[in-house]
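# need a structure here:
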Amino acid sequence: MDKQTRFLQLLNENKGILFKICKIYQDNADDQNDLLQEMTLQLWLAFDSYRGESKFSSWMYRVALNTAIVFFKKQKRRPDDQPMPEGFDHCDESSSAGEMEEKLALFYRAVQQLGKVEKALTYLYMEDQPYEEIAAHLGITEGNVRVRLNRVKSKLKEIVKTMNYEY
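Numbers count the residues shown, from 1 in each chain. The predicted structure follows:
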């Protein structure tokens with residue numbers, strides 16, 4: 001199998017990683033698409049450095065997260081002309097699909113207010129990565145992962161409260 005075919009196969013098998021990172025780091029669909037293209041390009045450019053010593057998805061996380069962080073920093077330098085929506089109604093467990101999408105959108109907007117490491121931590125946690133792998137990805141100890149996760153959860157609750165949403 002040639003390099004391009006192998007890359008496309010691995011990318012296709014793990015594309016959910018990229019979509020989730022895009023949603024966490026960008027709230028605008030156009031910006032998400034731009035970030036997706038940038039991550040794909042960076043993955044292709046770095047593909048020769050993948051030696052197969054770890055799972056492709058682990059390597060992909062690192063490259064994609066680093067790309068998203070750099071992209072996000074560049075994005076922050078631009079003036080933000082899109083106000084954040086306010087006022088959400090409480091949805092119970094029997095929420096419709098539309099209400100669930102609204103809750104998910106709210107969550108992603110809240111995550112976007114986190115710092116870059118907090119975003120990466122949240123993403124890896126959402127992907128059910130074990131603390132050991134999260135620690136390895138972020139270059140921190142497992143104990144630090146636990147502490148930071150608790151802080152991020154509390155911070156997200158406060159952000160959601162400031163968005164006038166009761167959970």
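
# from the contact counts, what lies against the helix or strand hosting residue 133?
Here residue 133, judged by DSSP states H and E, is contained in helix 131-138. Applying 3 or more C-beta pairs under 8 Å, 6 or more residues apart in numbering; DSSP states H and E, one finds that helix 131-138 contacts helix 56-76, helix 116-126, helix 142-162. All C-beta spots, glycine's among them, are computed from the backbone N, C-alpha and C.

# give me the angle between the lowest-mean-pLDDT helix or strand in the chain and helix 142-162.
When each helix and strand of the chain is scored by mean pLDDT, DSSP states H and E, helix 97-111 comes last, with a mean of 77. Helix 97-111 and helix 142-162 are oriented at 120 degrees to each other (axes from the mean of the first three to the mean of the last three C-alpha atoms, to 10 degrees).

# for helix 97-111, buried residues please.
For helix 97-111, burial by neighbour count (16 or more other C-beta atoms under 10 Å) applies to 102, 103, 106, 107, 108, 110, 111.

# cool, and stretch 23-32?
So for stretch 23-32, counting by 16+ other C-beta under 10 Å, buried means 23, 24, 25, 26, 27, 31, 32.

# just those now: which is nearest residue 45?
residue 25 (19.3 Å; C-beta to C-beta).

# quickly find the element holding the residue nearest the centre of the chain.
Centroid-nearest residue in the chain, with C-alpha atoms, centre = their mean: residue 21, separated by 3.0 Å. In this structure, residue 21 sits in helix 15-25 according to DSSP H and E.

# how far does that helix sit from its chain's centre?
Helix 15-25 sits 5 Å away from the centroid of its parent chain (C-alpha atoms, centre = their mean, to the nearest Å).

# elements contacting the helix or strand following that helix?
Next in sequence after helix 15-25, counting helices and strands by DSSP H and E, comes helix 29-46. Where contact means 3+ C-beta pairs under 8 Å, 6+ apart, helix 29-46 is packed against helix 3-13, helix 15-25, helix 56-76.

# for the chain, which spans come out with low pLDDT?
Along the chain, the model assigns pLDDT under 70 to residues 73-100, 164-167.

# contacts for the helix holding residue 21?
With contacts defined as C-beta atoms under 8 Å, 6 or more residues apart in numbering, helix 15-25 is touched by 32-33, 35-36, 39-40, 57, 60-61, 64-65, 68-69, 71-72, 108, 111-112, 119, 122-123, 126-127.

# of all the helices and strands packed on helix 131-138, which one is nearest residue 6?
Within those, the stretch nearest residue 6 is helix 56-76; the backing value is 9.7 Å (C-beta to C-beta).

# fine, thanks again, bye for now.
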